[in-house]
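Visitor: Provided below are the primary sequence and the corresponding predicted coordinates.
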Amino acid sequence: MELIVTEKDNAARRIAEILSDGSASTERRNGVNVYRWGDKRCVGLSGHVVGVDFPPEYEDWRDVQPVELVEADVVKKPTQENIVRTLKQLAGEADRATIATDYDREGELIGKEAYELIREEADIPIQRVRFSSITENEVKEAFATPDDLDFDLAAAGEARQIVDLLWGAALTRFLSLSANQLGDDFISVGRVQSPTLKLIVDREREIEAFDPDDYWELFADLAREGTTFEAQYFYREDGTEQERVWDESGAETAFETLRNAGTAVVESVRRRRRTDEPPEPFNTTQYISAANGIGLSAQRAMSVAEELYTAGYITYPRTDNTVYPDDLDPEALLSAFTDHYLFADDAEMLRSADDIEPTAGDEETTDHPPIHPTGEIPNKDDLSDDEWEVYELVVRHFFATVADAAEWEHLKVVADADGCSLKANGKRLVEPGYHEVYPYRSTSENHVPAVEEGEQLAIEDARIEEKQTQPPRRRGQSRLIEELESRGLGTKSTRHNTLQKLYDRGYIESDPPRPTKLAMAVVEAAEQFADRIVDEEMTAQLESDMQAIVDGEKDLEAVTEESRALLGRIFDELHDSREEIGEHLQESMKADRMLGPCPECGEDLLIRRSRKGSYFVGCDGFPDCRYTLPLPSQGEPTVIDEACTEHDLNHVKMLAGRSTFVHGCPQCKADEADETDDRIIGDCPDCGDNADGELAIKQLRSGSRLVGCTRYPECEYSLPLPRRGDIEVLDERCADHDLPHLRVVDNGDDPWELGCPICNYTEYREQQAASAIEDLDGVGQKTAEKLADAGIESLSDLRGADAEAVANEVQGVSEDRLREWQAEANVSASAD
DNA sequence: GCAAGGTC
């Protein structure tokens, strides 16, 4: 039997399909798909199925000095037990094996991991095949000409793993211990995340240090035969045109001249044509940027693309490549769309061109083809809105890469008004080219009439505007990802996760991301004592060491030993500064949680966390001062810039994904609740009969509102109410529950007829249950449907499910994944 | 429980 191993299940399935000419069947082993035909078995891994770690005696952070990690052993442990077991079983039955993991460095390492697992079971010949896209030609060609694993290339990857673990773990533990942060809120640093954070922090420093300058700009409306157009004042300095006037009196003088001139004489008219080239094929970074342009975060863009890929509609979304492979026949792919109700016209138009020549980028890699549609077209109704919009983006981007360039005509008019120069720049799209099929880029025109030299134009209006130079702008998520790519930080598969990690660690907030005080302190501490970990140069050096390993000039041992020695020297320096660093980090963390003065003792009010895990506002003077204010129970509180003038407290925002909201000043919220009387609306359904409990609309000090029993806390019956808007109690009553209907009036919007609060809550719970599965991390509509077919339609169904049985039934969902979801379902059960 | 890199 021949065993074929791929990097992921999807690739295994498609390769089996190609090599078996469609005859392969699927069996499940330990919840893992195995494809079989003839004497072949093909199994997909899930990326790395083993990972590096320290031996167990290094596990406890308190028992081990971080410096001890510098010389610690690094061992490999299985991380995907089921897959490792299946692979070994298959290896035991095989008489030869073929490694068909991805054609890049990490793929070579994953292949070597599989090689070693197979070797533990059987001494059989193991060969390696390489292909860049899973097409019939490439796959068959690769299997006809097998090669050997490149152990040097894999060793380069292993060196990276070891160096990253040593530096990351040792320094993360050092900082966390120094600041006494050992729980969930440890303080992490790493070769990629820390230079990324420094990039954000450095920009923030520039913004903070920025000193604005005043300047003035002048404009005039020029008229010609009833049409007017705007022109801007400029002057020449060192041979270049300057629009900004830096002294006020100079600006005023020019303004007076313009205002009194009456007419301007056209000095020159210049026409220029500019070619606007169509975009290059999508790599991951450019795709994320474009998806950002239609409103998706980097994370969301990748998870939607992942869904579309798994469903077979687009090619693999993690790629560095910007050159379509020879195997891609653009005309054939266009033909797949010529019957589609939405794409037919564009596809037909492009296909009818004499010569279809796609654009190509600078990056030609072996990993995967650029992202493009496969030609299998989804039904719009089967996709979520985001999924469809992304699909259309990918289709149209492919269209654009085979479309013609656009042509713009630029018209520049320069006129003179009593010695003051004015200019107007017009632009007109004369050949729409690719814009016809790709509506994601601006084609706005600026009309300037075709005046002639010497012509006199009336000045209808003159304006002077006082402005200030602006600090550099914070980079948005996609801009940051582009920046990481250009600096060689991270990979196509990790860059978006790196940003997410910085959010999760409390280092950055909002979008565009801005650093917290903690982030500033971590970067400062690193710059002072372990500069290498925040320096992008560490990656550059590692890359060159890895190249040396590939070229056989260095070995893994030499590279990791050198790195350990360097890390050891950093620890020599760190040793004496531990307390100083810890204090600085702690102060900064406190500053991130500080709201303002305590009304009782004047110390600082801080956001704190109770032993049970809920957040509240408490005084830094505790235990001498026991002043507290409650916070909403939903979400993670964060301090925002806005502040309450009455209490001198910063406002609080609650981060809870899509239900994020601004809580405001916690003192105001508490005061409001104290001043609001409960409004009784009927009997409590739980205890109204035997204890005379009544239901009332209550405003809580935490800012939330509910319908609850007047006997609280003896009776805990409650129904949630919206946070915003005035609640009106109507005369109409619910026949089933004998309660009045409610209406929510929020200024401006149409009132919301909430109806009977019990009926409303019941309906809300049903909707929640229906969408709960899709809300799970990484579950798209397709997977949700498959789960529904297996009887899993809501979170609660998942709680009682047999993970192994479900994994065996539902293709593409691993048992591990299901167990993660079950854990999530149990958390939400306890929240209910 | 630490990193970064795969994948889901």
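Guide: In hand now; what should we look at?
Visitor: tell me the residues of the stretch 451-600 of chain A that contact DNA strand B?
Guide: Residues of the stretch 451-600 of chain A lying close to DNA strand B (C-beta under 7 Å from any atom of the strand) are A:490-494, A:497-498, A:501. Every C-beta, even on glycine, is put in place using the N, C-alpha and C of the backbone.
Visitor: ok, so of these, who is nearest A:Val323?
Guide: Within those, proximity to A:Val323 (C-beta to C-beta) peaks at A:Lys492, which comes in at 15.0 Å.
Visitor: do you know how far the nearest residue to A:Arg130 once chain neighbours are set aside is from A:Arg14?
Guide: Of all residues not flanking A:Arg130 in the chain, A:Tyr103 sits nearest, at 4.6 Å (C-beta to C-beta, 6 or more residues apart in numbering). Distance, A:Tyr103 to A:Arg14, using C-beta to C-beta, to the nearest Å: 15 Å.
Visitor: in terms of neighbours, single out the busier of these two.
Guide: Of the pair A:Tyr103 and A:Arg14, A:Tyr103 is the one with more neighbours under other C-beta atoms under 10 Å, namely 21 against 18.
Visitor: what's the pLDDT at that one?
Guide: Looking at A:Tyr103, its pLDDT is 93.
Visitor: repeat that for the one 5 residues further on.
Guide: Note on A:Glu108: pLDDT of 97.
Visitor: now swap in A:Ala823 and tell me
Guide: Predicted confidence (pLDDT) at A:Ala823: the value is 59.
Visitor: return the set of buried residues in stretch A:705-720.
Guide: By neighbour count on 16 or more other C-beta atoms under 10 Å, the buried set for stretch A:705-720 is A:705-711, A:715, A:717-719.
Visitor: still on that earlier bit, Three-state assignment for the residue nearest to A:Arg130, please.
Guide: coil (DSSP: H, G, I helix; E, B strand; the rest coil).
Visitor: that one contacts A:Val129, correct?
Guide: No. The criterion here is C-beta atoms under 8 Å, and A:Tyr103 misses it with A:Val129 at 9.2 Å.
Visitor: show me where the stretch 101-250 of chain A has strands.
Guide: A:126-128, A:214-224, A:227-237, A:240-242 (DSSP state E, counting those that start in this stretch).
Visitor: among the ones you listed, which is nearest DNA strand B?
Guide: strand A:126-128 (16.5 Å; C-beta to the nearest atom of the strand).
Visitor: so what does the closest one touch, helix or strand wise?
Guide: strand A:96-100, helix A:105-121 (3 or more C-beta pairs under 8 Å, 6 or more residues apart in numbering; DSSP states H and E).
Visitor: doesn't A:Val67 lie inside a helix?
Guide: Yes. Checked against three-state DSSP, A:Val67 lies within a helix.
Visitor: surely it and A:Phe571 touch.
Guide: Yes. Here A:Val67 reaches A:Phe571: they are 4.5 Å apart, a contact under C-beta under 8 Å.
Visitor: shared neighbours of the two, anything?
Guide: Taking C-beta atoms under 8 Å, 6 or more residues apart in numbering as the criterion, A:Val67 and A:Phe571 both touch A:170, A:174.
Visitor: point out where chain A drops to low pLDDT.
Guide: Where chain A drops to pLDDT under 70, the residues are A:748-749, A:766-791, A:793-800, A:802-832.
Visitor: what residue spans form the domains of it?
Guide: Per automatic domain parsing, the domain ranges recorded for chain A read A:2-45+A:80-149, A:160-209+A:477-584, A:214-277+A:407-468, A:298-396, A:593-671, A:676-764, A:776-831.
Visitor: just to revisit the earlier point, the helices and strands packed on strand A:126-128: which one's closest to DNA strand B?
Guide: Smallest distance to DNA strand B across those (C-beta to the nearest atom of the strand): 3.7 Å, for helix A:105-121.
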